[in-house]
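K.L.:
Okay, sequence plus prediction incoming.
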Amino acid sequence: MRRIPLSRRSHITGFQPLLTGTAEHESALERDFVARTSFLDPAASIISQPCTLRFHDGLRARRYTPDFLVRASNGRSRLIEVKYRAEVYEHWDRYRRAFACARDWAREHGATFRIATERFIRDAALDNAKRLLPLRRAPCDAEVAALLLAAVRAEKAPTFEGVLAASPVSRPVALSTLWRLIARGALQVDLRAPIRSGTPLWLP
C-alpha cells in the first residue's frame, strides 16, 4: 500500500473509525465518501489505497493508486476513485488509461470499478449520516423509547410526525428520542431520502 503523505491542509487528512477497522482519507470529499458508505452499510470494509497499479501510457511507465476498496456486507466489492466531477472532465485524457487499468484489476479480483463524484457522494444519505452518526452512541431514555416503539406498532402507516403526535411525552423529549432510535436502527426509514414529517417509519 502507498503511504498517505502529510498534507498542508492537515484538517482534511485524517482517519475515521469504523466497525470493521479504520479508514484514512486525504480530502473532504473522501471523508464524506467514507462517512456515507459506513453509514449506509456499517458492516462494510473500507480499505484506503488498497493497491498500486502499474501500466504504460505510450512509452511512459506510470503508476496509479485508487482511493478505496469497499467490501460490502452483501459480499460485493467495489474499487473506488473519488474525484470532483469537474476534475474528471478536465483531465480525462490523463486519467482514462489509469481508470482502464483499474477496471481490469477490479474484474480480475471479482470487483467493479467506480468513479464517485460529489454528485453521488453529497446527497440526502450524507446529510442523514451527518445528523445521525453522532447520535448512535448518545444516551436514550429506555421508557420513552418503549413508548415510541409502541406508538409505531399501533399506527397502521406510521410516519415521523404521526408517531410524535401519538407520543404521551413532551414533543422535545419524543423528538430527541425518535432521532436516536432511527440512528441506532431500532426504527428504520429510507436513509437515502430526506427525513421529513411525512417520512414512513417501520420496525426492523
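P.N.:
Perfect, I can see it now.
K.L.:
hey, let's count contacts and neighbours off CA atoms from now on
P.N.:
Noted.
K.L.:
Tell me how far stretch 110-127 lies from the chain's centre.
P.N.:
Centroid separation for stretch 110-127 versus its chain: 8 Å, with CA atoms, centre = their mean, to the nearest Å.
K.L.:
Can you report phi and psi for the residue of the chain most remote from its centre?
P.N.:
Each residue of the chain has a distance to the centre, and by CA atoms, centre = their mean the biggest one is for Leu59: 39.0 Å. Per-residue torsions, Leu59: phi -90, psi 0 (degrees, to the nearest 10).
K.L.:
Next one, pLDDT for it please.
P.N.:
Leu59 carries a pLDDT value of 81.
K.L.:
Which elements pack onto the helix or strand harbouring Ala151?
P.N.:
If you go by DSSP states H and E, Ala151 is part of helix 142-154. Secondary-structure packing of helix 142-154 (3 or more CA pairs under 8 Å, 6 or more residues apart in numbering; DSSP states H and E): helix 160-166, helix 171-184.
K.L.:
of all the ones you listed, which lies closest to Pro139?
P.N.:
Among these, the nearest to Pro139 by CA to CA is helix 171-184 (8.2 Å).
K.L.:
and the closest one, what does it pack onto?
P.N.:
Looks like helix 171-184 contacts helix 124-132, helix 142-154, helix 160-166 (3+ CA pairs under 8 Å, 6+ apart).
K.L.:
7 Å - rerun?
P.N.:
For helix 171-184, the packing partners by 3 or more CA pairs under 7 Å, 6 or more residues apart in numbering; DSSP states H and E come out as helix 160-166.
K.L.:
Contacts only, for the residue farthest from the centre of the chain.
P.N.:
Contact analysis of Leu59 by CA atoms under 7 Å, 6 or more residues apart in numbering lists nothing.
K.L.:
How about Leu203?
P.N.:
186-188.
K.L.:
before we move on, the earlier item: can I get the CA coordinates of the helix holding Ala151 in PDB?
P.N.:
The C-alpha trace of helix 142-154 is given here as PDB (Å, rounded to 0.1, in the frame of the first residue of the first chain):
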ATOM      1  CA  ALA A 142     -35.500   3.400  27.700                       C
ATOM      2  CA  GLU A 143     -39.000   4.200  28.900                       C
ATOM      3  CA  VAL A 144     -39.600   6.900  26.300                       C
ATOM      4  CA  ALA A 145     -38.100   4.600  23.600                       C
ATOM      5  CA  ALA A 146     -40.600   1.900  24.600                       C
ATOM      6  CA  LEU A 147     -43.500   4.300  24.300                       C
ATOM      7  CA  LEU A 148     -42.400   5.500  20.900                       C
ATOM      8  CA  LEU A 149     -41.900   1.900  19.600                       C
ATOM      9  CA  ALA A 150     -45.400   1.100  20.900                       C
ATOM     10  CA  ALA A 151     -46.800   4.100  19.000                       C
ATOM     11  CA  VAL A 152     -45.200   2.700  15.800                       C
ATOM     12  CA  ARG A 153     -46.800  -0.700  16.400                       C
ATOM     13  CA  ALA A 154     -50.200   0.900  17.000                       C
END
